[in-house]
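K.L.:
Need coordinates for the below:
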Amino acid sequence: MGGTASEMAMDRRYAIAVGVVVLLASLANATPHLIGVFFDDAIYALVAKAIATGQGFVYPQLPGTPPAIHYPPAYPLLLALVWKVAPPFPESTMWLKLVNPIVLALAAAGAFRLAGRLLPWPRMALAALVLLGFVSVPMQVLTSVLLSEPLFMATLFAGLLAAGALMDGAGGTRPAMLAGVATGVVILTRTVGGVLLPALLLALAVERRWRDAFIVGATTVLLVLPWQLFVWKHAPGFPDVLRGSYGPYLEWVVGGYREGGASLVFAVLQKNLSGAWTFLGIFFSPLVSVLRPIAAVAVIIGTVVGIGAGLAARRHRVLALSVAGYLVVVFFWPYQIERFLWGAWPLLVMVCGYGIWSLVELLRAQQRPRLAWATLGLGLFLAVGHATYSARGLARGWAGSASRGMSERMRPALDLMLSDPRLRGKLIASDIAPMLALYSGEQVISLDILRVTDHLAEKTIPERADVITVLDAAFAPDAYVLLPDSPILVAFLRAERDPARHFREFTPAGAGARAFLLDRR
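P.N.:
Have a look, this model is predicted:
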């Protein structure tokens, strides 16, 4: 992309145009569904509410309002700003849901600039590549709910651009500090964004730019340190029974792997590899199932070659190291691999495209035109396949289908929670706790505390009953509000509680939920 004033102006216009297209697509796929169908979205909103109302960075829905040490602070702080100026909740729902489309549009504009650094393509081709990643089912699903992935994309592209500017230039205090600030913001948005820091420091170390590396590292640490001190201060006293779903990430993973050993690590890796293989084939060859293995192999090869080509090219080294680090982390992380790959989807699409183009250029240099054309054709097949999948999925409402279905399933329990006066001022336990807490303002504890091994197999009914037994003894909830088709309902009925804590059901006829109140007689 250009260096003259007119070329830079044209680049800006294209970046703005790409951002506008992504904004319009995201608004078209925005949903009016309940906040809380994905658990995390309601937690983000609850923490934002606590910040906006002066309670601080806490979980307002939990007994004792413990500190919110699970999620980094950037996204809740952004939502808190909206909470302050928007109408009272839940009238502010669509205000809150406007945040992600706007942020994603900014991310797309940054992605266009990064694509111009990466590929010597015409601007229209660069725009098409960026839109292929952003106007896709994965990104639109995540953008239609209150999840932090869009902000992560925006900060990550900004961080990569700042790192690229530092690597391209002669260095100095100002560009190094800007890169450090950008890196810190990425980490404060999503913990896995921490891969950007070692990538940048390693790239600087290869060139023996020790002063720049020190400034970047010091700036990043100074920005992130207050958050880390907050976590370190409050982690020891955090309720043990809630740590799996509300405690620090790293402690949870390390503890789970320490208990499960190497066999658990390899089982998680195997499951994640299998999951990625399946959805890559579907995403890139949606209409021809027999070609899905070929599509998955092609995407993997393109991504690996893209990382390798980036490592060999000085100005792309930080990008390549960051993507490689991200993939290593998420494939060993005991959580849904789709969620993590979707969260960086536009960047992964870009790197794959860069890898395929690098292969084409290499084959041309080796005077192998037929293989070069075949590789280019394979890349076009992948692009058309993914565009077809996204176009068909978005036309059929896939961006909101999951949240719509879960909203319909959960609404009866929420309606019961809001309408029954017997639940006012009570400590509630539920399988959809964050949603009930967000809409009712009551304290509600969750009955499904996450374990590392849950990634491999769901808890059995006896295991769920054990969790409920522990939670009931620790918090002594006054009532349980449960979905009628949930395994947690069966576990609740089997749980061993204090005999003095007898619950009687008071579910109204046709309520679509099951409710149990502590009998104090």
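
K.L.:
Hmm, Val351 is touching Leu319, no?
P.N.:
Yes: if you go by C-beta atoms under 8 Å, Val351 and Leu319 touch, sitting 7.5 Å apart. (C-beta placed from N, C-alpha, C; glycine too.)

K.L.:
Name the residues contacting each of these two.
P.N.:
Gly310 (C-beta atoms under 8 Å, 6 or more residues apart in numbering).

K.L.:
so what does the helix or strand harbouring Val330 touch, helix or strand wise?
P.N.:
In this structure, Val330 sits in helix 317-331 according to DSSP states H and E. Packing partners of helix 317-331 (3 or more C-beta pairs under 8 Å, 6 or more residues apart in numbering; DSSP states H and E): helix 149-168, helix 196-206, helix 249-284, helix 292-312, helix 337-343, helix 345-365.

K.L.:
Give the helix, strand or coil label for the closest residue to Asp420 other than its chain neighbours.
P.N.:
Nearest residue to Asp420, sequence neighbours excluded (C-beta to C-beta, 6 or more residues apart in numbering): Ala515, at 7.1 Å. Three-state assignment for Ala515 (DSSP: H, G, I helix; E, B strand; the rest coil): strand.

K.L.:
How about Val481?
P.N.:
Applying three-state DSSP: Val481 is strand.

K.L.:
tally of neighbours for it?
P.N.:
Residues near Val481, counting by other C-beta atoms under 10 Å, number 29.

K.L.:
next structured bit after the helix or strand hosting Ile445?
P.N.:
Assigned by DSSP H and E, Ile445 belongs to strand 444-446. Where DSSP H and E defines the elements, the next helix or strand beyond strand 444-446 is helix 461-475.

K.L.:
Now do that next one, average pLDDT.
P.N.:
In this model, helix 461-475 has a mean pLDDT of 94.

K.L.:
Given the strand holding Ile445, what are its sheet partners and their directions?
P.N.:
strand 428-430 (parallel) (DSSP bridges).

K.L.:
what's the strand it pairs with in contact with?
P.N.:
By C-beta under 8 Å, 6+ apart, strand 428-430 touches 413, 417, 436, 442-447, 468, 471-472, 475, 477-482.

K.L.:
tell me the most buried of the helices and strands packed on helix 317-331?
P.N.:
helix 149-168 (a mean of 24; mean count of other C-beta atoms under 10 Å).

K.L.:
which helices and strands does it pack with?
P.N.:
For helix 149-168, the packing partners by 3+ C-beta pairs under 8 Å, 6+ apart are helix 74-85, helix 93-118, helix 137-143, helix 173-189, helix 196-206, helix 317-331, helix 337-343, helix 345-365.

K.L.:
now the angle from that helix to helix 74-85?
P.N.:
120 degrees (axes from the mean of the first three to the mean of the last three C-alpha atoms, to 10 degrees).

K.L.:
Just give me how far helix 149-168 sits from the chain centre.
P.N.:
Averaging C-alpha positions (C-alpha atoms, centre = their mean, to the nearest Å) puts helix 149-168 17 Å from its chain's average.

K.L.:
what sits against the residue nearest to Pro346 when sequence neighbours are not counted?
P.N.:
Spatial nearest neighbour of Pro346, chain neighbours left out: Gly133 (3.1 Å); criterion: C-beta to C-beta, 6+ apart. Residues near Gly133 by C-beta under 8 Å, 6+ apart: 111, 139, 345-350.

K.L.:
hang on, the earlier thing: buried sites along the helix holding Val330?
P.N.:
By neighbour count on 16 or more other C-beta atoms under 10 Å, the buried set for helix 317-331 is 317-327, 330-331.

K.L.:
which one of those residues sits closest to Trp398?
P.N.:
Trp398 lies nearest to Val330 out of the buried residues of helix 317-331, by C-beta to C-beta, at 22.5 Å.

K.L.:
these two touch, right, the closest one and Asn272?
P.N.:
Yes: counting by C-beta under 8 Å, Asn272 is a contact partner of Val330 at 7.4 Å.

K.L.:
shaky segments in this structure?
P.N.:
1-2, 521 (pLDDT under 70).

K.L.:
quick one, what contacts the residue most central in space within it?
P.N.:
Closest residue to the average C-alpha location of the chain: Glu149 at 4.1 Å, with C-alpha atoms, centre = their mean. By C-beta under 8 Å, 6+ apart, the contact set of Glu149 is 139, 142-143, 190, 342-343.

K.L.:
could you redo the last one with a cut-off of 6 Å?
P.N.:
By C-beta atoms under 6 Å, 6 or more residues apart in numbering, the contact list for Glu149 reads 142, 343.

K.L.:
could you measure it against Tyr44, distance?
P.N.:
11 Å (C-beta to C-beta, to the nearest Å).

K.L.:
go on, Ser419?
P.N.:
Separation of Ser419 from Tyr44 (C-beta to C-beta) stands at 26 Å.

K.L.:
more crowded one of those two?
P.N.:
A direct count of neighbours by other C-beta under 10 Å for Ser419 and Tyr44 places Tyr44 higher, at 27 against 10.

K.L.:
Regarding that one, which helix or strand does it belong to?
P.N.:
For Tyr44, the host element (DSSP H and E) is helix 40-52.

K.L.:
orientation of that helix relative to helix 74-85 in degrees?
P.N.:
60 degrees.

K.L.:
On the three-state scheme, Leu34 is what?
P.N.:
Here Leu34 is recorded as coil under three-state DSSP.

K.L.:
That one against Met406, yeah?
P.N.:
No: in this structure, Leu34 is not within contact of Met406 by C-beta atoms under 6 Å, at 7.8 Å.

K.L.:
And those two? Which one has more around it.
P.N.:
Comparing Leu34 with Met406 by other C-beta under 10 Å, the one with more neighbours is Leu34, at 23 against 17.

K.L.:
Tell me the spacing between Val481 and Ile445.
P.N.:
Distance from Val481 to Ile445, by C-beta to C-beta: 11 Å.

K.L.:
go on, Ala30?
P.N.:
Counting by C-beta to C-beta - Ala30 and Ile445 are separated by 31 Å.

K.L.:
Which one's more surrounded, the two?
P.N.:
Between Ala30 and Ile445, counted using other C-beta under 10 Å, Ile445 has the larger neighbour count: 22 against 19.

K.L.:
Tell me the bridge partners for the more buried one.
P.N.:
So, taking DSSP bridges as the rule, Ile445 has Ala429 as bridge partners.

K.L.:
Now do the contacts for it.
P.N.:
Contact partners of Ile445, counting by C-beta under 6 Å, 6+ apart, are 429, 433, 475.
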